[in-house]
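Asker: coords please:
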Amino acid sequence: MRHYLLLLVDLALIVAATGAALVIRDNFEFSPERAASVAPYLLCTLASAAVILPAFGAHRAVWGFTTMSDCLRIVAATVATIISAVTLGFVFNRMDGVARALPLLQGLLTLVFLVGARVSTWLWRRSSDSSGRAPALLAASCRTVLVVGVGEAGGLYARAVSSHAPDRLRIAGFLDDDRHVGRSVHGHPVLGAPERVGELLRDLELHGVFVDKIVVAAEFEALSAAAQRALLDIEASSDVMLEFLLERLGLGDKGGGVTRAAPFSVDPETIEQAVSRRYWRVKRGLDVILAVALLGALAPLLLVAVAVSVIDVGWPPTFWQQRPGRFGRPFKLYKMRTMRAAHDADGRRVPDELRTSWLGRLSRRLRLDELPQLFNILAGDMSFVGPRPLLPVDQPRGCVARLMAPPGLTGWAQVKGGRAISAADKAALDIWYLRNASLALDIEIVLLTITLVVFGERVDPVAIRKARRDLRQASPRHSLDPAELAAASRFLAATTEEAA
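Answerer: Now for the predicted structure:
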């Protein structure tokens, strides 16, 4: 029943979006006669939406847990609704009294209203969950686990993690019989059979997800011989910890596994010093305003980018990787897919240069593949300007200070060197930005980014030398705390070890 109440809310939002579109189309003047002439078209829209939204499952998602796939479903359902409404309206009365621009405005505003309501609820839930908590520490002791077994014990473990350790454990997925693949357990996907654990770990690493521990929630002896051998091989050949849940609960007799040192902690004073600048709060407010404006203005371009990705590489159009954000908190960074599958039908590795077509290269050249990151910015995972989020294995050793700033869609290192400079030079530019961030510098970076998109990447050796010189000659007020430097070394060593 609650599902259909949410459907009624969506229909009410569509009515509001249509009214707003009519007012905007008439230069912010309201006329009862104009509203009456549009009423048949509005009824066609509501009739279409009442069928199409449930068909796309738009009313079943919990708004407080909105994901990128939910937003894409809303986009697809909105496009289908507007097309259906225009078709019905033309058949009914040839769209008499309906301005030709109205359906376009209606569609854009419907997207803003429907997606905005869900994202706002998601943001409210997220802020409620985190209210009163101190900022997470660098590389906080959050481990990623795979769970073997979709039985009672596996479900119990997932519920326990969700209730008692959401900040310390993250479930990447479940392993079980192939008949369960594609389904989910408490929101976590079933990735494949335990026999394929090695292949699945490599696939997760392509997304930037590095598993710390495999929790065997099933009777080990009940697994196939191939699954037992695959799990024990992973334990013997890597630093992934193998933990037997039933044995830990005193319900089994099988144990084993290796242990690893826990991630380090950082002095709270260091974190307080990093987050105390008032500009970061101002910057966050500007990010939200600009992200909302761009999502509305660039909605047609986003649809084009989705269509290009689907035509070029197929469904789904988006791709995500887990990256460390501010203070090392992991988040999912979204991009449009521009590369085809890494292996052909015979299982042979396809060279990267053959995986990208001219459409994909054009999308990357124009930075269209970065458009989904507007949702990351709106969610607070990223900013428009800041150090680019890297995979943990790519973090420059000794330069963890770059994680003190929110990661950016573009940054000082991108406009002053891009892919052509070394990791050390990028880190120097990123840390220089962290210490000199200001509204004027952010505006300069945005303008230089536009130039970069038009003319391509260029290396600025003067900026690189200046960043290195300023870092060497930094005043005491800007010097890195010795404790932070020591913590940085330990963090990066642990990160590289975990990603290996």
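Asker: Quick check, pLDDT for T18.
Answerer: Among the per-residue scores, T18 shows a pLDDT of 92.
Asker: measure it to L105 for me?
Answerer: 9 Å (Cβ to Cβ, to the nearest Å). Just so you know, the C-beta spots here come from the backbone N, C-alpha and C atoms, and that holds for glycine as well.
Asker: just R465 next, same as before
Answerer: Computed as Cβ to Cβ, the R465 to L105 distance reads 51 Å.
Asker: and what of T144?
Answerer: 44 Å.
Asker: Compare R465 and L105 (neighbour count), which wins?
Answerer: Each of R465 and L105 has its neighbours counted (other Cβ atoms under 10 Å); L105 has more, 18 against 12.
Asker: what mean pLDDT does the strand or helix carrying that one have?
Answerer: Following DSSP states H and E, one finds L105 within helix 102-130. What helix 102-130 shows for mean pLDDT is 84.
Asker: Over to stretch 459-477?
Answerer: Stretch 459-477 shows a mean pLDDT of 72.
Asker: How about stretch 415-428?
Answerer: 80.
Asker: Do me a favour and get the end-to-end distance for it?
Answerer: Stretch 415-428 has an end-to-end distance of 13 Å (criterion: Cα to Cα, to the nearest Å).
Asker: Stretch 417-424 too?
Answerer: For stretch 417-424, the end-to-end distance is 12 Å (Cα to Cα).
Asker: list the buried ones in that stretch?
Answerer: By neighbour count on 16 or more other Cβ atoms under 10 Å, the buried set for stretch 417-424 is G417, I421.
Asker: Check stretch 89-98 too.
Answerer: Neighbour counts using 16+ other Cβ under 10 Å place G89, M95, G97, V98 of stretch 89-98 among the buried residues.
Asker: Could you pull up the residues touching the first one?
Answerer: The one in question is G89. G89 makes contacts with P40, Y41, C44, M95, V98, as judged by Cβ atoms under 8 Å, 6 or more residues apart in numbering.
Asker: Look up the pLDDT of the fourth one for me, please.
Answerer: Here the pLDDT value assigned to M95 is 85.
Asker: Now the nearest residue to it once chain neighbours are set aside: which helix or strand?
Answerer: Sequence neighbours aside, G89 is the residue nearest to M95 in space, at 4.8 Å (criterion: Cβ to Cβ, 6 or more residues apart in numbering). G89 belongs to helix 68-93 when assigned by DSSP H and E.
Asker: how about that helix: buried residues?
Answerer: Within helix 68-93, the residues that qualify as buried are 68, 70-75, 77-78, 80-82, 84-86, 88-89, counting by 16+ other Cβ under 10 Å.
Asker: from the chain's centre, how far out does that helix sit?
Answerer: In terms of Cα atoms, centre = their mean, to the nearest Å, the centre of helix 68-93 is found 26 Å from the chain centre.
Asker: can you pull the buried residues of the helix or strand that contains A424?
Answerer: Secondary structure from DSSP H and E places A424 in helix 423-436. Residues of helix 423-436 classed as buried: D425, K426, A427, A428, L429, D430, I431, W432, Y433, L434, R435 (neighbour count, 16+ other Cβ under 10 Å).
Asker: From A226, how far out is V454?
Answerer: When distance is defined by Cβ to Cβ, V454 is 55 Å away from A226.
Asker: okay, those two: which has more neighbours?
Answerer: For the pair V454 and A226, the greater number of neighbours falls to A226 (12 against 8), based on other Cβ under 10 Å.
Asker: Quick one: residues contacting that one.
Answerer: With Cβ under 8 Å, 6+ apart, A226 has these contacts: E195.
Asker: What pLDDT is listed against it?
Answerer: 89.
Asker: Could you do E353 as well?
Answerer: Residue-level pLDDT assigned to E353 equals 69.
Asker: count of residues packed around G250?
Answerer: 7.
Asker: helix, strand or coil for it?
Answerer: coil (DSSP: H, G, I helix; E, B strand; the rest coil).
Asker: swap in L201?
Answerer: Assignment for L201 (three-state DSSP): helix.
Asker: List the contacts of it.
Answerer: Here L201 is in contact with L146, V211, I234, V240 (Cβ under 8 Å, 6+ apart).
Asker: List the buried residues for the helix holding L105?
Answerer: In helix 102-130, counting by 16+ other Cβ under 10 Å, buried: 102-103, 105-119, 122-123.
Asker: now do stretch 16-35
Answerer: A17, T18, G19, A20, A21, L22, V23, R25, R34.
Asker: same question, stretch 56-68
Answerer: Buried-residue list, stretch 56-68, by 16+ other Cβ under 10 Å: F56, A58, H59, A61, W63, T66, T67, M68.
Asker: The helix or strand containing V15 to helix 102-130, inter-axis angle?
Answerer: In the assignment (DSSP H and E), V15 maps to helix 2-25. Helix 2-25 and helix 102-130 meet at an angle of 130 degrees, taking axes from the mean of the first three to the mean of the last three Cα atoms, to 10 degrees as the criterion.
Asker: elements contacting helix 2-25?
Answerer: helix 32-55, helix 102-130 (3 or more Cβ pairs under 8 Å, 6 or more residues apart in numbering; DSSP states H and E).
Asker: Export the ones you listed to CSV and append columns for distance to S383.
Answerer: CSV is the format used below for those (distance: least, Cβ to Cβ, whole Å):
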stretch, distance to S383
helix 32-55, 33
helix 102-130, 15
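Asker: coming back round to it: closest one of the contacts of L201 to A222?
Answerer: L146 (17.6 Å; Cβ to Cβ).
Asker: And the host helix or strand of that closest one, how far out from the chain middle?
Answerer: Secondary structure assignment for L146, by DSSP H and E: strand 143-148. Offset of strand 143-148 from its chain centre (Cα atoms, centre = their mean): 20 Å.
Asker: Give the pairing partners of that strand; include direction for each.
Answerer: strand 169-175 (parallel), strand 213-216 (parallel) (DSSP bridges).
Asker: can you list contacts of the shortest one?
Answerer: What that stands for is strand 213-216. 143-149, 157, 197, 223, 231, 234-235, 240-246.
Asker: relative to strand 143-148, how tilted is the following helix or strand past that strand?
Answerer: Scanning forward in sequence from strand 213-216 by DSSP H and E, the next helix or strand is helix 225-237. Note on geometry: by the same axes, to 10 degrees, helix 225-237 and strand 143-148 are set 160 degrees apart in direction.
Asker: Dump the C-alpha coordinates for the helix or strand following helix 225-237 into CSV.
Answerer: Later in the chain than helix 225-237, the nearest helix or strand by DSSP H and E is strand 241-244. Provided in CSV are the C-alpha atoms of strand 241-244 (Å, rounded to 0.1, in the frame of the first residue of the first chain):
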residue,chain,number,x,y,z
MET,A,241,41.8,-12.9,5.8
LEU,A,242,39.6,-16.0,5.8
GLU,A,243,37.2,-16.0,8.8
PHE,A,244,34.8,-18.9,9.6
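Asker: Check the offset of strand 241-244 from the chain's centre.
Answerer: A distance of 29 Å separates the centroid of the chain from that of strand 241-244, by Cα atoms, centre = their mean.
Asker: That strand packs against which elements?
Answerer: Going by 3+ Cβ pairs under 8 Å, 6+ apart, strand 241-244 lies up against strand 213-216, helix 225-237.
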